[in-house]
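**Q** fold the stuff below for me.
(one chain, ligands or ions: 2)
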Amino acid sequence: MTWNPGTWRSKTAAQQPTWPDITELEQVEKELASVPPLVFAGEARELRQRLASVSNGEAFLLQAGDCAESFDGFNADAIREKLRVILQMAVVLTYSSGVPAIKVGRIAGQFAKPRSRPTETVDGTELPSFLGHMVNDLPFSEHDRRPTPARLLQAYHQSASTLNLLRAFTKGGFADLHRVQAWNHEFVGSSNEGQRYAKLASEIDRALRFMEATGVSSQHPEIHEAEFFTSHEALILQYEEALTRRDSLTGEWYDCSAHMLWIGERTRDLDGAHLEFLRGVHNPIGCKIGPTATPDDVVGLCDALDPGREAGRLTLISRMGAKQVADRLPPLLDAVRQSGHPVVWACDPMHGNTFTSESGHKTRHFDDVLAEVTGFFAAHREMGTWPGGIHIELTGENVTECLGGAEEVQPKDLGKRYETMCDPRLNGRQAVDLSFRVAELLAP
Ligand code: PEP
Ligand code: CO
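**A** Ligands and ions are numbered 1, 2, ... in the order given. Presented below is the predicted three-dimensional model:
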């Protein structure tokens, strides 16, 4: 079947809202189809190149950010803190492993959520589930939960401002490696992992001074600027279609809502609309792989999304759960290797390890997160494949959403700063801690 940005419409799309007003939706789609793209095809191609080097074992992917971005918590500080902790993690990974960390945020577009149930019932009242701020709002009222197309436009505009700020931070001096000490935020800095980071940062400072002293300039763009890409789950296909544009240079289609798009665990049906849409855009594509996926399923996904067997095109993001990764992952690694698809394998150690605490909070334990990453590395070692990256939900703030970590968040702490709109995120300390643990696994 020939592809165009709208061919997904003849397929079944899982996890879509029931839009009460189709005329309103169509008006918004029209408007979105004429707005400027958020990213350029050339940038998406650049990320494909970086991911190609990950697939060759020459780089490591760090994909991280919110489970769901919010229209409410939208301010420069929150964006800066998220970027800061991702930069810290990348420095730890790069310094310890000697391979570049490719930084991809779950940011500037991560506004739509698949849910385990389409509706939620409270005291006998049934309403649509919260599907992310691109669709509806969190409070349990008929008004808030109504899918509202104008939210697609708001998501676009917030993504544009977020991306603008990220570009300013990464190119305008904030991300300069000479500031590696300054990224150590107060609440992270005073902790054990913060002190460990400070030590590493002062070694980097010394290395930069050494370079200067020997006459090798450290004034390269690579040192002054950081390369940072955006990504989100391509869930609401009207939004993605409207932002899909033909590249004037190559004539190829790119989804210009983000550099990289991924397909979720609940929308990876081989005959579904999400596969149909994403197979035709030339961005790098991710696909979540959960514990029910068989080797045939995964090779089928590879054939559909990467028919040309092109390095950098496809990232498979496994999210098996700490208990299942050792059994489930190796047969998939083997089948994909035999199929000849040069994929990137990344580990999402978050989504297979969620449970509800006694206090009723949806949470994850740092030990389970670490155990899944450790199992992921062990599986790759066993199969002789490259553990290409990690995919993490985090925030720069001092939240108490995930349990454990070096300075342990206890069950009784969960209520203190539980701020996520969807899944529990690692806080800045836990994220830096995790990066040291991953760096140890990666170290040559
Ligand atoms: C997510 O990444 O937030 C998510 C919903 O993941 P998954 O599709 O793997 O469940
Ligand atoms: Co999530």
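**Q** quick one: contacts for the residue of the stretch 251-400 of the chain found nearest ligand 1?
**A** Residue of the stretch 251-400 of the chain nearest ligand 1, by Cβ to the nearest ligand atom: residue 264 (3.1 Å). Heads up, the C-betas are built off the backbone N, CA and C, glycines and all. Contact analysis of residue 264 by Cβ atoms under 8 Å, 6 or more residues apart in numbering lists 15, 114, 233, 235, 274, 288.
**Q** repeat that with 6 Å
**A** Residue 264 makes contact with 114, 233, 288 under the criterion Cβ atoms under 6 Å, 6 or more residues apart in numbering.
**Q** also residue 317?
**A** 286, 288, 346, 348, 391.
**Q** I'd assumed it was in a strand, is it?
**A** Yes: using DSSP: H, G, I helix; E, B strand; the rest coil, the assignment for residue 317 is a strand.
**Q** distance of it from residue 437?
**A** 19 Å (Cβ to Cβ, to the nearest Å).
**Q** so in this protein, where's the weakest helix or strand by average pLDDT?
**A** helix 186-189 (a mean of 80; mean pLDDT, DSSP states H and E).
**Q** can you pull out the helices in the stretch 151-300 of the chain?
**A** For the stretch 151-300 of the chain, applying DSSP state H, counting those that start in this stretch gives helices covering 186-189, 192-213, 221-224, 237-242, 273-280, 295-305.
**Q** output those in CSV; the columns should cover distance to ligand 1 and mean neighbour count.
**A** As requested, the helices of the stretch 151-300 of the chain are exported to CSV (distance: least, Cβ to the nearest ligand atom, whole Å; neighbours: other Cβ atoms under 10 Å):
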stretch, distance to ligand 1, mean neighbour count
helix 186-189, 24, 17
helix 192-213, 24, 15
helix 221-224, 30, 12
helix 237-242, 16, 23
helix 273-280, 11, 22
helix 295-305, 13, 18
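**Q** need those helices in a markdown table with distance to residue 52, can you?
**A** A markdown table is the format used below for the helices of the stretch 151-300 of the chain (distance: least, Cβ to Cβ, whole Å):
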| stretch | distance to residue 52 |
| --- | --- |
| helix 186-189 | 33 |
| helix 192-213 | 27 |
| helix 221-224 | 19 |
| helix 237-242 | 23 |
| helix 273-280 | 18 |
| helix 295-305 | 15 |
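**Q** so which of those gets nearest ligand 2?
**A** helix 273-280 (16.6 Å; Cβ to the ion).
**Q** so what's the model's average confidence on stretch 226-245?
**A** Summarised as a single mean, pLDDT over stretch 226-245 is 98.
**Q** likewise stretch 327-339?
**A** pLDDT averaged over stretch 327-339 gives 98.
**Q** so what touches it?
**A** By Cβ under 6 Å, 6+ apart, stretch 327-339 touches 291, 295, 298-299, 302, 318, 320, 343, 379, 382-383, 385.
**Q** please apply the same query to stretch 148-156.
**A** Contacts of stretch 148-156 (Cβ under 6 Å, 6+ apart): 24-25, 28, 111, 134, 239.
**Q** can you pull out the strands in the stretch 301-444 of the chain?
**A** 314-318, 344-347, 355-356, 362-363, 389-393 (DSSP state E, counting those that start in this stretch).
**Q** which part of the stretch 301-444 of the chain gets nearest to ligand 2, residue-wise?
**A** residue 423 (3.5 Å).
**Q** tell me which element the closest residue to that residue other than its chain neighbours is part of?
**A** Distance criterion Cβ to Cβ, 6 or more residues apart in numbering; nearest residue to residue 423, sequence neighbours excluded, is residue 67 at 3.8 Å. Taking DSSP states H and E as the definition, one finds residue 67 inside no helix or strand.
**Q** how close does residue 67 get to ligand 2?
**A** 3 Å (Cβ to the ion, to the nearest Å).
**Q** mind checking pLDDT for that residue?
**A** pLDDT, read off for residue 67, is 97.
**Q** same check on residue 97?
**A** 88.
**Q** residues touching it, list them.
**A** 439, 442-443.
**Q** ok, residue 84 next?
**A** 183, 396.
**Q** is it in a helix, a strand, or coil?
**A** Applying three-state DSSP: residue 84 is helix.
**Q** which bits of the protein sit near ligand 2?
**A** 67, 423 (Cβ under 5 Å from the ion).
**Q** residue nearest the centroid of the chain?
**A** Centroid-nearest residue in the chain, with Cα atoms, centre = their mean: residue 106, separated by 3.7 Å.
**Q** before we move on, back to that, what residues are up against the residue nearest to residue 423?
**A** Contacts of residue 67 by Cβ under 6 Å, 6+ apart are 393, 422-423.
**Q** most neighbours among those, which one is it?
**A** Neighbour tally across the contacts of residue 67 (other Cβ atoms under 10 Å): the maximum, 26 neighbours, falls on residue 393.
**Q** what separates stretch 6-15 from the chain centre, distance-wise?
**A** 23 Å (Cα atoms, centre = their mean, to the nearest Å).
**Q** ok, and what's touching it?
**A** 114, 237, 266-267, 272-273, 276-277.
**Q** is it in proximity to ligand 1?
**A** No: Stretch 6-15 does not reach ligand 1 (Cβ under 6 Å from any ligand atom); its nearest approach is 9.5 Å.
**Q** rounded mean pLDDT for that stretch, please.
**A** Mean predicted confidence for stretch 6-15 is 98.
**Q** which parts of it are buried?
**A** 7-8, 11, 13, 15 (16 or more other Cβ atoms under 10 Å).
**Q** repeat that for stretch 34-41.
**A** 37-39, 41.
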